[in-house]
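S.K.: heads up, no residue letters with this:
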């Protein structure tokens, strides 16, 4: 039982390092590694289970795995590069896995993910500030987070940034109180 070797074997099937891409073998070895307490494998499996592209979507198992990592603290988050926080935020934002919809908790998780440079976390923070979800509506903050997300390659961040800038210009033209 060598969890890191199992994780590398899993990734070899995901990325076809051995010339063969095989999602079933990827998930098999990823689960073996996660079951042997490899934190990176736990994060990767939790994310895969939420996304549901290479394995059937299972928000409950995803939440259980990722919440466990969160409870282990910031040192484990650093090992996993914190990218699992965005998924926890989405679970709370959408009220999935027997959790009530809670934008404030979602924002907290997006902030944690953003601290690790996660493009998606920055994008979702921008969306929360743009729409006043779990935070006060603040178009300046939305612009900042969308800009960071764009610089890190987030899909949709460019359009969101343009939308926010248009809203600010319209508010300025109408002489309304600006929402920031």
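M.R.: Right, received. Where do you want to start? Since we're looking at a predicted model, the values are computed, not measured.
S.K.: which residue ranges form the helices in the protein?
M.R.: Along the chain, counting by DSSP state H, helices occupy 3-14, 23-35, 39-51, 59-72, 74-79, 84-94, 103-115, 119-131, 139-151, 157-173.
S.K.: Would you mind checking the average pLDDT for the last one?
M.R.: Taken as a whole, helix 157-173 has a mean pLDDT of 92.
S.K.: could the helices of the chain go into a markdown table alongside mean neighbour count?
M.R.: Every C-beta, even on glycine, is put in place using the N, C-alpha and C of the backbone. Shown next, in a markdown table, are the helices of the chain (neighbours: other C-beta atoms under 10 Å):
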| stretch | mean neighbour count |
| --- | --- |
| helix 3-14 | 18 |
| helix 23-35 | 19 |
| helix 39-51 | 22 |
| helix 59-72 | 18 |
| helix 74-79 | 14 |
| helix 84-94 | 24 |
| helix 103-115 | 20 |
| helix 119-131 | 24 |
| helix 139-151 | 21 |
| helix 157-173 | 15 |
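S.K.: so what pLDDT did the residue most central in space within the chain get?
M.R.: Nearest to the mean C-alpha position of the chain, by C-alpha atoms, centre = their mean, lies residue 86 at 2.4 Å. We have a pLDDT of 97 for residue 86.
S.K.: quick one: it from residue 3, how far?
M.R.: 24 Å (C-beta to C-beta, to the nearest Å).
S.K.: again, but for residue 144
M.R.: 38 Å.
S.K.: next one: residue 49
M.R.: When residue 49 is compared with residue 3 (using C-beta to C-beta), they lie 18 Å apart.
S.K.: which intervals of the protein have sub-threshold pLDDT?
M.R.: 175-180 (pLDDT under 70).
S.K.: If we use 90, what do you get?
M.R.: Within the chain, the stretches with pLDDT under 90 are 1, 18, 20, 81-83, 168-180.
S.K.: Would you list the phi and psi of the closest residue to residue 60 other than its chain neighbours?
M.R.: Using C-beta to C-beta, 6 or more residues apart in numbering and skipping the chain neighbours, the partner closest in space to residue 60 is residue 97 (4.9 Å). Backbone torsions for residue 97, taken as degrees, to the nearest 10, come to phi 60, psi 50.
S.K.: again with residue 102
M.R.: When quoted as degrees, to the nearest 10, the phi and psi of residue 102 stand at phi -150, psi 100.
S.K.: residues touching it, list them.
M.R.: Applying C-beta atoms under 8 Å, 6 or more residues apart in numbering, one finds that residue 102 lies in contact with 92-93, 95, 134.
S.K.: Please convert the residues you listed to a markdown table, extending it with distance to residue 32.
M.R.: A markdown table is the format used below for these (distance: C-beta to C-beta, whole Å):
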| residue | distance to residue 32 |
| --- | --- |
| 92 | 29 |
| 93 | 31 |
| 95 | 32 |
| 134 | 37 |
